[in-house]
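Chemist: next comes the sequence, and after it the predicted model I'd like to discuss.
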Amino acid sequence: MNDNDIYALTTRGQEALRSGASTLEPATLELLVRIDGSLTLGQLRTGMTSVSSGAFTAAFMTLQNDKLVAIAEVDPFTEQFTARMNHFAVTQAEAEADAGAASLKKAGYYVRIARPRGPAKPREPGEELSAIVVDDEPMLAKFIQSYLSFEGFKVRVAGNREEVVAEFRKQPPPDLILLDVVLPDADGFDILLRLRQHPALKDVPVIMLTGKATRESVLKGLAAGADGYVTKPFEADALMHVVRTVLGLPPEPEGPAMQML
């Protein structure tokens, strides 16, 4: 165990984090949430101020013995974006994570605006807002695309890592990204971290689409820079509430309630 080593979650570790039904001790679960493939063990130890050095070591050994973590290996997607997460971000997000999870369970959505974006860019008359929907469920992605198009957005869809990279390369950058947490060959939180370090995309509002309303999911997303969360299944009205809030658009005119997505 070297404090300069960098660890990432294994597939088993990612499943444990998403499940929300962990039997891990609190310190071990907290360490699991914090490990992201970019922080060294020394940085993680420093960030967990409420945990003693001995407890930190025991927590790490549990994760390693249970094969929930492994030495990080850089893959092509990581090299594409060269992400580095600020190791203070998780600590700053913790105070808001509980409230966010409660809001998700109660209302079906949670909104957070963390970065001032400045005035909206000038638009020509009739110019459309643009959005990228990242979701591997074709029916849901098509419904979201159709609904956003009806609301005046020009929408593109991506369902896997290759399509995500291709869409993110296109210019100009989108005005909004709707990002599924679970994709077949990529992790939504991992993509979010890389977006926040990408020169052209770091300020694009990102709304996470998630099937889990757990504290760990909220904490992970807040630390990585998410602007909002919507749980699945969700009502179209709830989705548009979040979209309009993070983009600073005027409230939607009152109309008949929409079906659940």
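Modeler: Happy to help now that I have it. Numbering: from 1, shown residues only.

Chemist: once you drop chain neighbours, what's closest to P172?
Modeler: Spatially, and ignoring its direct neighbours in sequence, P172 is nearest to S130 (7.7 Å; CB to CB, 6 or more residues apart in numbering). In this view, the C-beta of every residue, glycine as well, is placed from N, C-alpha and C.

Chemist: that neighbour pairs with what?
Modeler: When assigned by DSSP bridges, S130 has beta-bridge partners K154.

Chemist: offset the numbering so it begins at 18, please.
Modeler: Okay, residue one is now 18; in that scheme the one you just asked about reads as S147.

Chemist: what is the burial count for it?
Modeler: Using other CB atoms under 10 Å, S147 has 18 neighbouring residues.

Chemist: could you report the neighbour count for T262?
Modeler: Neighbour number of T262 under other CB under 10 Å is 18.

Chemist: element containing it, please.
Modeler: Element membership of T262, judged by DSSP states H and E, is helix 253-264.

Chemist: report all helices and strands that that helix contacts.
Modeler: For helix 253-264, the elements it packs on are strand 126-128, helix 155-167, strand 193-197, strand 223-227, strand 245-248, judged by 3 or more CB pairs under 8 Å, 6 or more residues apart in numbering; DSSP states H and E.

Chemist: hang on, the earlier thing: distance of the residue nearest to P189 relative to G265?
Modeler: S147 sits 16 Å away from G265, going by CB to CB, to the nearest Å.

Chemist: ok, back up a step: out of the helices and strands packed on helix 253-264, which is closest to G30?
Modeler: strand 223-227 (17.8 Å; CB to CB).

Chemist: partners of that closest one in the sheet?
Modeler: Applying DSSP bridges, strand 223-227 is found paired with strand 193-197 (parallel), strand 245-248 (parallel).

Chemist: where among those is average confidence lowest?
Modeler: Mean pLDDT values for these show the minimum at strand 245-248, a mean of 80.

Chemist: from the chain's centre, how far out does that strand sit?
Modeler: Centroid displacement of strand 245-248 relative to its chain, using CA atoms, centre = their mean, to the nearest Å, is 9 Å.

Chemist: kindly export it (C-alpha atoms) in PDB.
Modeler: The C-alpha trace of strand 245-248 is given here as PDB (Å, rounded to 0.1, in the frame of the first residue of the first chain):
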ATOM      1  CA  GLY A 245     -29.200  18.500 -11.900                       C
ATOM      2  CA  TYR A 246     -30.600  15.000 -11.400                       C
ATOM      3  CA  VAL A 247     -33.700  13.300 -12.600                       C
ATOM      4  CA  THR A 248     -34.600   9.800 -11.500                       C
END
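
Chemist: list the buried residues for it?
Modeler: The neighbour-count check on strand 245-248 (16 or more other CB atoms under 10 Å) flags 245-248 as buried.

Chemist: would you mind giving those residues as CSV with distance to P216 added?
Modeler: Output for these, formatted as CSV (distance: CB to CB, whole Å):
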residue, distance to P216
G245, 23
Y246, 25
V247, 27
T248, 31
